[in-house]
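Q: Quick one: sequence and predicted model below, then my questions.
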Amino acid sequence: MEEQAVVLYSAPAIGHLTPMVELGKLLLTRQPSLSIHVLLPSQAYEGGSISSYIAAVSAAHPSITFHHLPPTSLPPDYSTTSPHLETLALELLRLNNPNVHRTLVSISEIHRVRALVIDFFCTNALSVARGLGIPCYYFFSSSGNSLTAFLGLPVLHRTTAKSLKDLATDTVLRFPGAPPLLPSDIGELLQDRNDRAYELLLESATNMLMASGIIMNTLEKLEEEAVKAIRDGKCVPDGPTPPLYCIGPLVSSGDGGKAGSGGGPGNDKPECLTWLDSQPRGSVVFLSFGSLGLKEIATGLERSGHRFLLVVRSPATGKGHKAVSTAEPALLPEGFLERTAGRGFVVKSWAPQVAVLNHGATGGFVTHCGWNSVLEAVCAGVPMIAWPLYAEQRQNRVFMVEAMRVALPMEEAAGEERSVSAAEVERRVRGLMGPEGKAIRERMQHLKQEAQAALNPGGSAQVALAELVQSWNIA
Ligand SMILES: O=c1ccn([C@@H]2O[C@H](COP(=O)(O)OP(=O)(O)O[C@H]3O[C@H](CO)[C@@H](O)[C@H](O)[C@H]3O)[C@@H](O)[C@H]2O)c(=O)[nH]1
């Protein structure tokens, strides 16, 4: 019998690729005879960690095949005034259609392709799938609340003449099922309607309605109102909304080297986990932020008096607490490491995040609100402080605080810089770890159980997965 296949088309970002690969693995648990093909655009994935990730996934899951698409290039006369790197990624993805077509045709020669699942950045492939008669599904890698805003984008575009950046700063934006947002909560790619990135994402949001379904990496119980509003068609007032499949929370199981977050490269137990072993239960705040505002973070942490595990990304070098101090003394306040020795641990560049979050000593997580990180904390039952940096993370903060009730907000000072003071870091860390954080701690314990229940047989994620597979007529 002809082998059946599902093709997944990822955007060139690790935070988009890993949940898609998890979807592939999940499909295999339900339908082991299936073959999964992942299309990888040629643009660079950040961090250079992609090849070890792919090698690890391929070794552990022989039914998952990765296809590296040939490079695309922009026409010589191409010019854009868009200030965003993502615009270039979106343009190059648009030019990928011939490659996607060729690869789909070649996979179809030996397989029956039941579905093409595309990242919402890869919207142009919808027409390729249609041309080949393959059902096309969107994979939305952020929250259900964010999806209400994304589906609402064409409506907002039609009903407002101004760009978001030109609206009064206190304008209230309402998307059914989600808490109200301010224009500044929406990601920078969507701020200016004359920006090419805006145009391309608006096209994606419009195309989404023509998909055969929308696959969401979320736990229904985490965002019931948003999911219900989408299902009830409230986010798309003038036409049908494709069926929604909440198959999450998909969290990397850690067989993927650096990009998977179960452990660092090699088999040795990471030093930070050994350090956590010696800390009291629920006592450590975990922060993973790069070098941005590091002095304020460090000062706030020191003043909070709490234990902490701090990941310092580029430009730090060296390994562990001491090495960072000798290699990059300017990154941290003078004498910080000595004064916090014993209650603080600094990791260079990358921590095995899922393992850290699931360690009993971890009691709080200061996150940049990337959706994978949020789901990982939910699955581990760890309460959060929401400190958004870019992309859709500012709206995620609103959703996490007001709708999901899984985080305290970190509030930036007014002004262009949006900097966070040491006093705010101290206040929020004390708050989360003290009585103020009690309600969130309890909610996280409850959600941890809900996440497990969703993934168990008969749970909401399993039911959604069964419905999805059924819609593909996979025998
Ligand atoms: O030291 C580290 C840092 C990160 N991670 C892992 O890296 C992933 C990061 O994913 P995510 O939290 O989603 O952040 P980004 O990679 O920044 O995600 C992009 O994609 C997400 C999904 O669309 C969006 O929500 C974000 O805003 C966007 O920046 C997670 O699995 C983490 O466990 C580690 O294992 N160790």
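A: Received, thanks.
Q: Model confidence at whichever residue of the stretch 1-150 of the chain sits closest to the ligand, what's the number?
A: Using CB to the nearest ligand atom, the single residue of the stretch 1-150 of the chain nearest to the ligand is Gly15, 2.6 Å away. Backbone N, C-alpha and C define where each C-beta goes, glycine included. For Gly15, the pLDDT comes out at 86.
Q: what's the following helix or strand after the helix or strand bottoming out on mean pLDDT in the chain?
A: Every helix and strand in the chain was compared by mean pLDDT, DSSP states H and E; the lowest is helix 320-327, with a mean of 39. Remark: after helix 320-327, the chain's next helix or strand is helix 336-340, criterion DSSP states H and E.
Q: how far out from the middle of the chain is that following helix?
A: Distance of helix 336-340 from the chain centroid (CA atoms, centre = their mean, to the nearest Å) equals 33 Å.
Q: Buried residues, that helix. List them.
A: Neighbour counts over helix 336-340 (16 or more other CB atoms under 10 Å) mark Phe336, Leu337, Thr340 as buried.
Q: and which of these is nearest to Phe308?
A: Thr340 (7.6 Å; CB to CB).
Q: Tell me the spacing between the closest one and Arg307.
A: 9 Å (CB to CB, to the nearest Å).
Q: and the stretch 251-400 of the chain, which residues reach the ligand?
A: 252, 261, 288, 311, 350-351, 353-354, 370-373, 376, 391-393 (CB under 6 Å from any ligand atom).
Q: give me that answer again for 5 Å
A: Taking CB under 5 Å from any ligand atom as the contact definition, the stretch 251-400 of the chain meets the ligand at Ser261, Ser288, Val311, Trp350, Ala351, Gln353, Gly370, Trp371, Asn372, Ser373, Ala391, Gln393.
Q: which SSE is Thr65 in?
A: Using DSSP H and E, the element containing Thr65 is strand 64-68.
Q: Can you confirm whether the lengthiest strand in the chain lies near the ligand?
A: If you go by DSSP state E, the chain has its longest strand at strand 111-119. No. Applying CB under 5 Å from any ligand atom, one finds strand 111-119 out of contact with the ligand, separated by at least 8.6 Å.
Q: Following the chain onward from that strand, which element is next?
A: Counting by DSSP H and E, what follows strand 111-119 is helix 125-132.
Q: Quick one: work out the angle between that following helix and strand 111-119.
A: 160 degrees (axes from the mean of the first three to the mean of the last three CA atoms, to 10 degrees).
Q: list the buried ones in helix 125-132?
A: Applying a neighbour-count criterion of 16+ other CB under 10 Å, the buried positions in helix 125-132 are Ala125, Leu126, Val128, Ala129.
Q: Need the residues you listed in TSV (columns: pLDDT).
A: Formatted as TSV, the buried residues of helix 125-132 follow (pLDDT from 0 to 100):
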residue	pLDDT
Ala125	98
Leu126	98
Val128	98
Ala129	98
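Q: can I get those in a markdown table with distance to the ligand?
A: Listed next are those as a markdown table, based on distance: CB to the nearest ligand atom, whole Å:
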| residue | distance to the ligand |
| --- | --- |
| Ala125 | 18 |
| Leu126 | 19 |
| Val128 | 22 |
| Ala129 | 21 |
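Q: what two of those are the furthest from one another?
A: Leu126 and Val128 (7.3 Å).
Q: what residues does the stretch 1-150 of the chain put near the ligand?
A: Counting by CB under 5 Å from any ligand atom, the stretch 1-150 of the chain sits next to the ligand at Gly15, Ser141, Ser142.
Q: show me what contacts the closest residue to Cys136 other than its chain neighbours?
A: Counting by CB to CB, 6 or more residues apart in numbering, Ala129 is the residue found nearest to Cys136 once chain neighbours are left out, at 3.8 Å. Going by CB atoms under 8 Å, 6 or more residues apart in numbering, Ala129 touches Leu104, Leu116, Ile118, Pro135, Cys136.
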